[in-house]
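Colleague: This is a predicted model, with the sequence first.
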Amino acid sequence: MNNTQFANLQTTLEELTFVQLKRLRQHIEDMISSNHVGKAIAVHEEGVAECAHCGSQEFTKYGTTARGQQRYKCKVCGRTFNSLTGTPLSGMKKQDKWHQYSEGMWFTAKIREAASELGINVKTAWRWRHQLLSKPRQRKPSELHGIIEADETFINESFKGKRQLERPSRKRGVKSHDIPKVPVMLALDRNGAVTHCVLQRNTREELEKSLAPVLTPESVLCTDGNLSYQTIVKNLPFELDHKRLIAIDNQRVIDGIYHIQTLNNWMMRWKQWLRQFNGVGTDYLDNYIAWFRQMEQSQKDDSWVVLAL
């Protein structure tokens, strides 16, 4: 419904009796309570405090969008914006289907299944998935505290989804150990905070760049026997207790509490969940870690639309 049609509807309402208005209000309230997407956008709209383009707090209301959302105009840069500008939802169409698609993500609905159920294009379903995952991907804890477990794991390199391969095509029967691996650094603390980073190379410099910023004083870092972690701890600007679980000594637990079994268990669950996709493109691996991390840390009634705002 465009703005003209909406204005005509408002005029028509003046002809309703009091009883009809009460019934209409109840019907509208029921619709609003069930409109999870509209409610999330309305709440987000109330928090608009600066220009989405330049960050200026000098802006004014500037009409509404075709969807009825409040539009604003910045007094500094002169550009217009609304509450969705700069969010993953900006530019996404078919708003009435967002919540149903969002629910399907909690059950890891396949792209083609979601497209068929919602009556949308497969490419649209694929694009929505990664648009909704872009915000959770950025929501990583800035610090880990207490007992921290860190380790690296490796995933087969994949060019799934790309039009052209950046290497010669493989022949059938290639062994898994012959496929190049992509290193992933994972770290968590016993409070439930989890962070990750897909590395370019499995080097000490790459590990240090991703792990050191989240380490905090008075914590205890538990790792395997990789000497890179020892160097990382030495380079920190503060002292950190480091427990190395050396496999050659068959030492899995120190003092009954220091181990990396919690992290290893998290990795195992993530890799089992990942198998259903029959391979994940390396370019999108970051998103799939964030997807699983968010599902582990949130409740199923948390809409991915809300998480994307």
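Modeller: Happy to help now that I have it. Residues are numbered from 1 along each chain as shown.
Colleague: mind listing the strands in the protein by residue range?
Modeller: Taking DSSP state E as the test, the strands found in the chain are 59-64, 70-74, 80-82, 147-156, 181-189, 194-198, 220-224, 241-245.
Colleague: closest one to E46 among those?
Modeller: strand 70-74 (9.9 Å; CB to CB). Backbone N, C-alpha and C define where each C-beta goes, glycine included.
Colleague: Which strands or helices does the closest one pack on?
Modeller: Judged by 3 or more CB pairs under 8 Å, 6 or more residues apart in numbering; DSSP states H and E, the packing partners of strand 70-74 are strand 59-64, strand 80-82.
Colleague: Quickly run through the sheet partners of that strand, with directions.
Modeller: Counting by DSSP bridges, the strands paired with strand 70-74 are strand 59-64 (antiparallel), strand 80-82 (antiparallel).
Colleague: that older thread, mean neighbour count, mean pLDDT and distance to I111 added to the strands of the chain, as CSV?
Modeller: Listed next are these as CSV, based on neighbours: other CB atoms under 10 Å; pLDDT from 0 to 100; distance: least, CB to CB, whole Å:
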stretch, mean neighbour count, mean pLDDT, distance to I111
strand 59-64, 12, 92, 33
strand 70-74, 17, 93, 33
strand 80-82, 19, 93, 29
strand 147-156, 20, 96, 20
strand 181-189, 21, 96, 22
strand 194-198, 21, 96, 21
strand 220-224, 22, 96, 36
strand 241-245, 18, 95, 39
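Colleague: Tell me which of these lies nearest to Q261.
Modeller: Judging the strands of the chain by CB to CB, what sits closest to Q261 is strand 147-156, at 8.1 Å.
Colleague: tell me which strands and helices that closest one is in contact with?
Modeller: Judged by 3+ CB pairs under 8 Å, 6+ apart, strand 147-156 is in contact with strand 181-189, strand 220-224, helix 261-274.
Colleague: Measure how it sits relative to strand 241-245, angle-wise.
Modeller: With axes from the mean of the first three to the mean of the last three CA atoms, to 10 degrees defining the directions, strand 147-156 sits at 50 degrees from strand 241-245.
Colleague: got a list of contacts for strand 147-156?
Modeller: Residues outside strand 147-156 that contact it (CB atoms under 8 Å, 6 or more residues apart in numbering) are 176, 179-190, 199, 202, 207, 211, 215, 219-224, 226, 229, 257-260, 262-264, 267, 271, 274, 279-280, 282, 285.
Colleague: In PDB, could you pull the C-alpha coordinates for that strand?
Modeller: Extracted in PDB, the C-alpha atoms of strand 147-156 (Å, rounded to 0.1, in the frame of the first residue of the first chain):
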ATOM      1  CA  ILE A 147      40.000 -19.900  32.100                       C
ATOM      2  CA  ILE A 148      40.500 -19.500  28.300                       C
ATOM      3  CA  GLU A 149      40.900 -22.400  25.900                       C
ATOM      4  CA  ALA A 150      42.400 -21.800  22.500                       C
ATOM      5  CA  ASP A 151      43.200 -24.100  19.600                       C
ATOM      6  CA  GLU A 152      43.300 -24.200  15.800                       C
ATOM      7  CA  THR A 153      41.400 -26.500  13.500                       C
ATOM      8  CA  PHE A 154      41.500 -27.100   9.800                       C
ATOM      9  CA  ILE A 155      38.700 -27.200   7.100                       C
ATOM     10  CA  ASN A 156      39.100 -28.400   3.500                       C
END
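Colleague: Pipe the strands of the chain into a markdown table and attach distance to G91 per row.
Modeller: As requested, the strands of the chain are exported to a markdown table (distance: least, CB to CB, whole Å):
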| stretch | distance to G91 |
| --- | --- |
| strand 59-64 | 17 |
| strand 70-74 | 15 |
| strand 80-82 | 11 |
| strand 147-156 | 30 |
| strand 181-189 | 30 |
| strand 194-198 | 26 |
| strand 220-224 | 42 |
| strand 241-245 | 47 |
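Colleague: so which of those comes closest to A290?
Modeller: Taking CB to CB, strand 194-198 is the member of the strands of the chain nearest to A290, at 7.7 Å.
Colleague: How about the contacts made by W126?
Modeller: I111.
Colleague: Begin at 52, not 1, for the rest of this chat.
Modeller: With the count now opening at 52, the last piece we talked about shows up as W177.
Colleague: what pLDDT does it get?
Modeller: On pLDDT, W177 comes in at 93.
Colleague: what ranges do the helices span in the protein?
Modeller: For the chain, applying DSSP state H gives helices covering 54-64, 69-85, 87-97, 149-157, 162-169, 173-189, 255-262, 278-285, 312-325, 336-348, 355-359.
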